[in-house]
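# Sharing a model that was predicted from the sequence below.
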Amino acid sequence: MNLLQSFILGLVQGLTEFIPVSSSGHLVLVPHLLGWHFPEDQSFVFDVLVQLGTLVAVLVYYRQDLIAIARAFVLGLVRRQPFAEADARMGWLLILATLPAVVVGLLAKDLVEQAFASPKMTGVFLLCTAVLLLIAEKAGHRCRSMQEIDWKDSLWIGFSQVLALLPGLSRSGATLAGGMTRHLDRPAAARFSFLMSVPVMVGAGVLAVKDLLALPAPNDFLLPLLVGFLTAMVSGYFAIRWLITYLSKHSLYIFAGYCAVIGLLIVLLV
């Protein structure tokens with residue numbers, strides 16, 4: 001992988017991680033369409049580690065929220081009143097929402113890696129993303145705010161995130177749909193989705209670092225990783241800012257249409 005390739009893939013990751021069109025799907029499709037061929041183990045490690053760039057984007061954009069949640073969470077434990085404050089409760093809800101994807105991801109790691117090798121399956125799962133976004137718009141009443149999220153909402157959105165372990169099934173799309181089918185408004189569903197991405201990305205990154213160290217000559221791969229990481233970080237920050245503004249006034253239909261068209265073209269032509 002050269003530096004231009006890592007820059008392009010980092011840009012793809014940053015722009016599509018939060019916009020509900022599947023970053024993992026695009027990271028499979030772009031190399032295929034451009035005729036780039038990378039070792040399977042190297043490609044998977046790059047895809048996961050470059051997500052840490054978008055993790056930094058989330059940390060920067062939501063730094064005030066995350067600091068308030070972490071502070072209230074720790075103080076709640078120290079005072080033995082873990083649910084006394086709203087921010088502390090939000091911390092527990094984010095942990096609960098993370099658990100399903102962590103458990104399934106660890107148990108099905110090898111199957112997930114195999115799925116990333118199939119562009120046609122990515123097309124199928126992009127079609128599934130389109131369906132999820134349509135269901136979210138049709139079924140959601142969009143009448144609840146972030147402050148009204150409870151443990152049932154959290155668990156439901158957490159199981160929605162499990163779907164995103166497959167390439168083409170957008171993590172942000174699945175969790176947005178999960179939140180909206182629990183009648184959260186779009187900005188609240190997006191905010192919860194982005195906050196709950198933090199522990200999942202950290203966990204995936206730790207596992208990917210282990211895989212990176214197992215690669216032959218891992219030092220030769222560090223510069224492309226750095227380029228991809230930085231590109232994903234910067235583009236991811238602006239993608240979050242744009243999407244939150246967009247969702248305050250617009251629906252998800254444009255993203256559903258994009259996923260449907262791209263997914264159908266891939267299924268028919270690849």
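Perfect, I can see it now. Everything quoted here is computed from the prediction, not taken from an experiment.
# State the helix or strand in which residue 153 lies.
Assigned by DSSP states H and E, residue 153 belongs to helix 151-162.
# Now residue 184: phi and psi?
Backbone dihedrals for residue 184, given as degrees, to the nearest 10, come out at phi -70, psi 150.
# what mean pLDDT does the helix holding residue 153 have?
Helix 151-162 shows a mean pLDDT of 92.
# what's the answer for stretch 104-119, then?
For stretch 104-119, mean pLDDT is 68.
# about what we covered before: same for the helix holding residue 153, what does it pack against?
Using 3 or more CB pairs under 8 Å, 6 or more residues apart in numbering; DSSP states H and E, the elements in contact with helix 151-162 are helix 86-107, helix 171-181, helix 186-214. The C-beta positions use only the backbone N, C-alpha and C, and glycine is treated the same way.
# Out of those helices, which gets nearest to residue 66?
Nearest of these to residue 66, taken as CB to CB: helix 186-214 at 7.2 Å.
# Check the offset of the helix or strand just after that closest one from the chain's centre.
For helix 186-214, the succeeding helix or strand toward the C-terminus, using DSSP H and E, is helix 222-247. Here helix 222-247 is found 12 Å from its chain centre; the criterion is CA atoms, centre = their mean, to the nearest Å.
# Likewise for stretch 189-208?
With CA atoms, centre = their mean, you get 7 Å for stretch 189-208.
# Return the set of buried residues in it.
For stretch 189-208, the neighbour count (16 or more other CB atoms under 10 Å) marks 189-201, 204-205, 208 as buried.
# Could you list the low-pLDDT ranges of this structure?
The model of the chain has pLDDT under 70 over residues 40-42, 44, 108-118, 204, 207-221, 270.
# which SSE is the nearest residue to residue 232 once chain neighbours are set aside in?
What sits nearest to residue 232 in space, not counting adjacent residues and going by CB to CB, 6 or more residues apart in numbering, is residue 53, at 3.2 Å. Using DSSP H and E, residue 53 sits within helix 51-61.
# So what touches the next helix or strand along the chain from that helix?
On the C-terminal side of helix 51-61, the closest following helix or strand by DSSP H and E is helix 63-78. If you take CB atoms under 8 Å, 6 or more residues apart in numbering as the criterion, helix 63-78 is touched by 59, 82-88, 90-92, 94, 191, 195, 198.
# biggest separation within those, which pair?
59 and 84 (25.5 Å).
# what about these two, which has more around it?
Neighbours per residue (other CB atoms under 10 Å) separate residue 59 from residue 84, with residue 59 holding more: 16 against 13.
# In this structure the more buried one contacts residue 198, no?
Yes: between residue 59 and residue 198 there is a contact at 7.0 Å, judged by CB atoms under 8 Å.
# Spatially central residue for the protein, please.
Closest residue to the average C-alpha location of the chain: residue 171 at 4.1 Å, with CA atoms, centre = their mean.
# quick one: it from residue 227, how far?
Going from residue 171 to residue 227 by CB to CB, to the nearest Å gives 23 Å.
# Just to check, residue 37 is in contact with residue 5?
No: between residue 37 and residue 5 there is no contact, the gap being 10.7 Å when judged by CB under 8 Å.
# shared neighbours of those two, anything?
Residues touching both residue 37 and residue 5 by CB under 8 Å, 6+ apart: residue 31.
# more crowded one of these two?
residue 5 (18 against 9).
# ok, that one touching residue 224?
Yes: in terms of CB under 8 Å, residue 5 counts as a neighbour of residue 224; the distance is 7.3 Å.
# OK, contacts around residue 179?
Residue 179 makes contact with 153, 157, 188, 189, 190, 192, 193 under the criterion CB under 8 Å, 6+ apart.
# Contacts only, for the fourth one.
What it means is residue 189. Contacts of residue 189 (CB under 8 Å, 6+ apart): 175, 176, 178, 179, 180.
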